[in-house]
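> Build me a structure from this.
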Amino acid sequence: NIYLSVCFISFRMVSIAKCSFIFLFLFGASLSAEDEGNVKADHESDPPTNPNTTLVLVAMRHGERNPGHFLPGDPNEGKWGQEGVYMLTPLGKKQAYGLGQMLRRRYKDLISEQFVNDEIKRYSSSADRCQMTLQTCLAGLYPPKDETYSDWNDQVLWQPISYKIDDPLLRMYSVSKCKPQEEAWQPISDDNLEELQEMLKKDKPLIDYIAQQTGWNGSLSKMADVADNLIAINNAGLEFPEWITNATLEGYDNNLADKILEFRENHQIMCANYKPCRDLMGGVWLKNVIDILKSKRDGKSEKLKIVTYASHTEIVMSICKLLNMDINEVTYTAGFLIEYRDQPEPSVRIFFQEPTNEPYGRKIDTPTFSPPCPGEQDGWCPLDNFIKLVEENAIDDWEAACKLDKKCPEGKTETKKADEGKVRIAVSAFQIDCD
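Have a look, this model is predicted:
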């Protein structure tokens, strides 16, 4: 079952947008009372909540989405993927909605039943699939209930909730003119790393066969595209193309689809395992996590209860590794949960949440950590120890990390003192202060 196999794979100045899409209105309109009854109970092995928890940070990869390229000659054309490339599928929306409902159940004593802006920070990358995932998760977390507060339409279990788009935080690989990230990705995208070269060599007959059948080139990126198509076709309940079900390649009579699935997310996983890429993809997010935890400890964000982030495989997996979590795959809507408590001392514990094989189902696991946190007790790590353990790879200034030249336009000079008059001048992918 391909779905089952997939379930176990896998600030400075930023461009900010506050959004709410019509799609969620339409999606919300389809969520009836019957849908609420379909929500599965939380996994029986989930760790219990702690009454002293005062803040939770939630990372999620986007939900299941359509491939970036549709398989040529797919006999199912027109029967799936109508949303367009990279858009969330119906299953992806259910995964995100189920995550929101799990958060509501687990943290019902922490988070207000109704949406309160000061209680929650919401971040997404600029990618449509991440924005759609975050919106749908928030729909599950904050269904309208009170007529005097947020129940504005009894036909729609949804309310508009704004969020911030932050690509240096959650999609560093798309930040314009960031030379170091381009350099980190180049040997991966070109399949030049030793591990990728070995994969190409080992599976050459299979890759040649797939290239012949699809007309695509024999890069690992294209092989991952094929895997994406098979996952979506299977989850839509449709049949694979004939060249897969009746393969003519020797040795792959009955297992060609399973073998192709091994190519999924190969570049993204490699990025998270390749230090130059991992550190840059996850470092800004790590600094954000540390800053939020410090602010909570220092009493500077007493009202804040939850922070949500919607990002991508390589970004989520990179920060998980920078948090010393031993994980090798991040499936759709999976990511970390960081719980903070201030009693008996400021401390954190980290879980890994992911979907089960039920559309709305979730489970929470306690991962292993390498190295483990000094002074950890019952999964709780003293905050100061945690920060000392992970802060080395935190990126304080993403512009400096990208080696961006902070130059003012002609006729303007960069402002040096905070009390001088300033004009905000947008330059390329970032902004600077100019007189």
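> so what's T53 up against?
By C-beta atoms under 8 Å, 6 or more residues apart in numbering, T53 lies in contact with 107, 110, 339-341. For every residue, glycine as well, the C-beta is placed using N, CA and C.
> do I292 as well
When contacts are counted by C-beta under 8 Å, 6+ apart, I292 touches 55, 57, 121, 301, 304, 307.
> In JSON lines, list those along with pLDDT, neighbour count and distance to F263.
Converted to JSON lines, the contacts of I292 look like this (pLDDT from 0 to 100; neighbours: other C-beta atoms under 10 Å; distance: C-beta to C-beta, whole Å):
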{"residue": "L55", "pLDDT": "98", "neighbour count": "24", "distance to F263": "39"}
{"residue": "L57", "pLDDT": "98", "neighbour count": "22", "distance to F263": "32"}
{"residue": "K121", "pLDDT": "98", "neighbour count": "18", "distance to F263": "36"}
{"residue": "S301", "pLDDT": "96", "neighbour count": "18", "distance to F263": "43"}
{"residue": "L304", "pLDDT": "98", "neighbour count": "16", "distance to F263": "41"}
{"residue": "V307", "pLDDT": "98", "neighbour count": "21", "distance to F263": "34"}
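> what about the stretch 301-435 of the chain, any weak spots by pLDDT?
Within the stretch 301-435 of the chain, the ranges that satisfy pLDDT under 70 run 406-435.
> now the strands for it?
306-311, 335-341, 347-355, 362-365, 381-382, 423-427, 430-434 (DSSP state E, counting those that start in this stretch).
> where does the stretch 1-150 of the chain have low pLDDT?
Using pLDDT under 70, the stretch 1-150 of the chain drops low at 1-43, 149-150.
> where exactly do the helices run in it?
With helices called from DSSP state H, counting those that start in this stretch, the stretch 1-150 of the chain shows them at 2-7, 22-29, 33-37, 90-106, 128-141.
> hey, which of the strands of the stretch 301-435 of the chain is tucked in deepest?
Mean neighbour count (mean count of other C-beta atoms under 10 Å) peaks for strand 306-311 among these, with a mean of 26.
> Now do it: which elements does it pack against?
Strand 306-311 is packed against strand 53-61, strand 120-124, helix 128-141, helix 167-170, helix 275-297, with contacts defined by 3 or more C-beta pairs under 8 Å, 6 or more residues apart in numbering; DSSP states H and E.
> can you state the direction angle for that strand and strand 335-341?
160 degrees (axes from the mean of the first three to the mean of the last three C-alpha atoms, to 10 degrees).
> Now do the contacts for C271.
C271 sits next to 184-185, 188, 277-278, 281, 314, 317-318 when contact means C-beta under 8 Å, 6+ apart.
> Tell me how far the residue positioned nearest the centre of the chain lies from I395.
The centroid of the chain falls nearest to R61 when counting by C-alpha atoms, centre = their mean (2.3 Å). To I395, R61 is 20 Å away according to C-beta to C-beta, to the nearest Å.
> How about the contacts made by the closest residue to Y340 other than its chain neighbours?
Leaving aside its chain neighbours, Y340 sits nearest to L55 (4.2 Å; criterion: C-beta to C-beta, 6 or more residues apart in numbering). Neighbouring residues of L55 by C-beta under 8 Å, 6+ apart: 292-293, 296, 304-307, 339-340.
> Compute the number of surrounding residues for the closest residue to T333 other than its chain neighbours.
The shortest distance from T333 to any non-neighbouring residue, by C-beta to C-beta, 6+ apart, is to Q95 (4.3 Å). Neighbours of Q95 under the rule other C-beta atoms under 10 Å: 31.
> Would you confirm that Q95 contacts N357?
No - using C-beta atoms under 8 Å, Q95 is not in contact with N357; the gap is 11.2 Å.
> L256: neighbour count?
L256 has 22 nearby residues by other C-beta under 10 Å.
> Skipping its backbone neighbours, what lies nearest it in space?
Nearest non-adjacent residue to L256 (C-beta to C-beta, 6+ apart): A247, at 4.3 Å.
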